[in-house]
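Undergrad: give me a model of this one.
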Amino acid sequence: MRNFIIIGSILAFHIVSGNMTFLKYLKTQASNMEKGLDLVIKGGLPSNNIVAFSAYQSAAKSYKEHETWIFDTVLVNDGNSYEKTTGIFTAPSDGTYGFTWSTLTDPNKMAHPYLRVNGQYKGFTGFNNAATSQTFWSSGSNTVLVRLKKGDKVNIASGYKAAFARERLTSFSGWKMH
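TA: Residues are numbered from 1 along each chain as shown. This next block holds a predicted model:
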């Protein structure tokens, strides 16, 4: 109530002084505050504006070259844009999106998980222990920002040769930035 009295006093002062530009500014600010309070009262931002997902592989799996990887254990799927049975994220609206992925492979195995947008590779990670005698596990990760149009399809695929990825330690996440 006190804030409205202060705003009212400022408005009265500027009306008397003839500063109509400032009066319009204050009206706009008051309207924006009212809209913001309505959102808070109704439970926050509209859920249709939130897009984020995070998923991981529940079992170790071998993938063929260019095969889409399946991240079947979903931790978050705000906006319901990630499909766990196909491994594909579909952009619900135009905007800039961020995607990150990480992979662990066994000794003497390789993995080349690439980020694919509408079938075109946009982000790359690769490690190859298949041709070595070393017995260590290899991991890799990457984060890529891309501009998408509504309906664009994004997934992780084996971009180079076959791959092997461990369970729980191989993940894929994405979110809409703006």
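Undergrad: poorly predicted segments of this protein, please.
TA: 1-27, 29-48, 129, 131-134 (pLDDT under 70).
Undergrad: what residue is smack in the middle of it?
TA: Closest to where the C-alpha atoms of the chain average out (Cα atoms, centre = their mean) is Trp175, at 1.2 Å.
Undergrad: secondary structure class for that residue?
TA: strand (DSSP: H, G, I helix; E, B strand; the rest coil).
Undergrad: and it, what does it touch?
TA: Neighbour list for Trp175: Val51, Ala52, Phe53, Tyr97, Gly98 [criterion: Cβ atoms under 8 Å, 6 or more residues apart in numbering]. Just so you know, the C-beta spots here come from the backbone N, C-alpha and C atoms, and that holds for glycine as well.
Undergrad: write the PyMOL selection for whichever of those residues are buried.
TA: The PyMOL command for the buried members of these (criterion: 16 or more other Cβ atoms under 10 Å) is given here:
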select buried, resi 51+52+53+97
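Undergrad: is the residue nearest to the centre of the chain bridged to anything, and to what?
TA: According to DSSP bridges, the residues that bridge with Trp175 are Ala52, Gly98.
Undergrad: with respect to Ala162, which of the contacts of Trp175 is nearest?
TA: Phe53 (26.1 Å; Cβ to Cβ).
Undergrad: next one: phi and psi at the nearest residue to that closest one once chain neighbours are set aside?
TA: Leaving aside its sequence neighbours, Phe53 sits nearest to Tyr82 (Cβ to Cβ, 6 or more residues apart in numbering; 3.8 Å). Main-chain dihedrals, Tyr82, degrees, to the nearest 10: phi -100, psi 130.
Undergrad: what's the distance between Tyr82 and Ala55?
TA: 6 Å (Cβ to Cβ, to the nearest Å).
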